[in-house]
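Trainee: whatever this is, show me its structure:
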Amino acid sequence: MRRSGRYSLLFALLATVAGCWPYGFAGGGLPSNIHTVAVLPFENETPQAELQREVWEALRTEMKSRLGLRDAPEARADAVVRGTLLRYDTGIPIAISANRGQVTSARRKLQIVCDIEIVDQKTGKLLWQRKGITAEGEYEEPNEINGRRDALQKLVADVIEGAQSQW
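Mentor: Below is the predicted model:
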């Protein structure tokens, strides 16, 4: 049998076996006993008071939609998400204006830094934790809100991916 024929036969055999193999995401993500979650307002050590509410709302929404968890009060939740907003930096220039007489930049980078943990309420076991998680967003100089929205999306995505990656 020619070499290309052997590879074709091997590929067909592998495809057949893979098609019969049960595939799923069992074993990943949060433990099977976690159905409800309480996302607590984060401690806020930044000068941005509204950031606490924005993080809280974004996490609650994505925990429901992407992880399928239901909201619950802290006392009845299977898991609790809590954290601390450590830093909010907006003064990071990334593209300088073409006008040399102008000191401001045309584009800036915004960073949000926080500590986050997800805890199983029944066992007290730490399910996921990340210290110093940093999310960045870029924005045109007068539109800081766009950079914050981008950074929040990245922050929440990191938390969701972290929770889903538990084996």
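
Trainee: secondary structure element for V81, which one?
Mentor: strand 79-96 (DSSP states H and E).

Trainee: now do G132
Mentor: strand 126-140.

Trainee: so what are the sheet partners of that strand and their directions?
Mentor: strand 105-120 (antiparallel) (DSSP bridges).

Trainee: mind pulling the model confidence for T104?
Mentor: For T104, the pLDDT comes out at 55.

Trainee: pLDDT below threshold where in the chain?
Mentor: Within the chain, the ranges that satisfy pLDDT under 70 run 1-28, 95-105, 166-167.

Trainee: thinking again about what came up before, so for the helix or strand just after the strand holding G132, what gets flagged as buried?
Mentor: Counting by DSSP H and E, the next helix or strand C-terminal to strand 126-140 is helix 144-164. By neighbour count with 16 or more other C-beta atoms under 10 Å, helix 144-164 contains the buried residues 147-152, 154-156, 159-160, 162-163. To be clear about C-beta, it is placed using only N, CA and C from the backbone, and glycine gets the same treatment.

Trainee: out of those, flag the one nearest to S65.
Mentor: Using C-beta to C-beta, I160 is the member of these that lies nearest S65, at 9.4 Å.

Trainee: which one is the closest one nearest to, not counting chain neighbours?
Mentor: Closest residue to I160 apart from its sequence neighbours, by C-beta to C-beta, 6 or more residues apart in numbering: R66 at 5.0 Å.

Trainee: could you say which helix or strand contains that neighbour?
Mentor: Assigned by DSSP H and E, R66 falls in helix 49-67.

Trainee: go ahead and name everything in contact with that helix.
Mentor: Helix 49-67 has contacts (C-beta atoms under 8 Å, 6 or more residues apart in numbering) with 29-30, 37, 39-42, 44, 69-71, 81, 83, 85, 88, 112, 114, 148, 152-153, 155-157, 159-160, 163-164.

Trainee: report the inter-axis angle for it versus strand 105-120.
Mentor: Angle, helix 49-67 to strand 105-120, by axes from the mean of the first three to the mean of the last three C-alpha atoms, to 10 degrees: 60 degrees.

Trainee: distance between the next helix or strand after helix 49-67 and the chain's centre?
Mentor: Moving toward the C-terminus from helix 49-67, the first helix or strand encountered (DSSP H and E) is strand 70-71. Distance of strand 70-71 from the chain centroid (C-alpha atoms, centre = their mean, to the nearest Å) equals 18 Å.
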